[in-house]
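[1] Need a 3D model of the sequence below.
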Amino acid sequence: MTGTTSSSRKISGSGDTPAPVQTPAPATTTVTEPDVRPVTDDGDHDRFAHYTRRADANRAYVEGTPVRALCGKVWVPSRDPSRYPVCPECTKIRERLRRRAYN
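    Sure, this is the predicted structure:
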């Protein structure tokens, strides 16, 4: 006899099909949209392209160091300046410097 001992008692579980394993129900997940608002630093609200020394700007793009514009704004350039209007204060200062250089 299969599943019995010599004393004719049935051994529980031997030869029986295993009990089904219950898996927990999958947890519900909530998908949220990413926050796509731009992060603005102090002074980033103006979104102007500023005039600064070319060597300083090149170093800032490579090393991530801050630069000072003609108008006095200090920032780390990270965006394409051709996409923004030129700072009016930087433009005035640059024109004054150019006139002084030619006189």
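
[2] Please identify the buried residues of the longest helix seen in the chain?
    When the chain is scanned for its longest helix (criterion: DSSP state H), the result is helix 88-102. Applying a neighbour-count criterion of 16 or more other Cβ atoms under 10 Å, the buried positions in helix 88-102 are 89, 90, 91, 93. Heads up, the C-betas are built off the backbone N, CA and C, glycines and all.

[3] which residues sit against it?
    The contact list for helix 88-102, computed with Cβ atoms under 8 Å, 6 or more residues apart in numbering, reads 48, 50, 51, 69, 70, 71.

[4] Looking at those residues, point me to the pair that's furthest apart.
    48 and 70 (11.4 Å; Cβ to Cβ).

[5] Could you count how many residues lie near residue 53?
    By the criterion of other Cβ atoms under 10 Å, residue 53 has 13 neighbours.

[6] Give the residue spans of the chain that score low on pLDDT.
    Scanning the chain for pLDDT under 70 picks out 1-18, 24-27, 29-46, 103.

[7] all strands of it, in order?
    67-68, 74-75 (DSSP state E).

[8] mind listing what the last one pairs with, with the direction of each?
    Strands that pair with strand 74-75, judged by DSSP bridges, come out as strand 67-68 (antiparallel).

[9] Give me the residues contacting the partner strand.
    Here strand 67-68 makes contact (Cβ under 8 Å, 6+ apart) with 52, 53, 56, 57, 60, 74, 75, 76, 77.

[10] one more time with 6 Å
    The contact list for strand 67-68, computed with Cβ atoms under 6 Å, 6 or more residues apart in numbering, reads 52, 56, 57, 60, 74.

[11] What is the neighbour count of the second one?
    Looking back up the chat, that one is residue 56. Residue 56, neighbours per other Cβ under 10 Å, totals 15.
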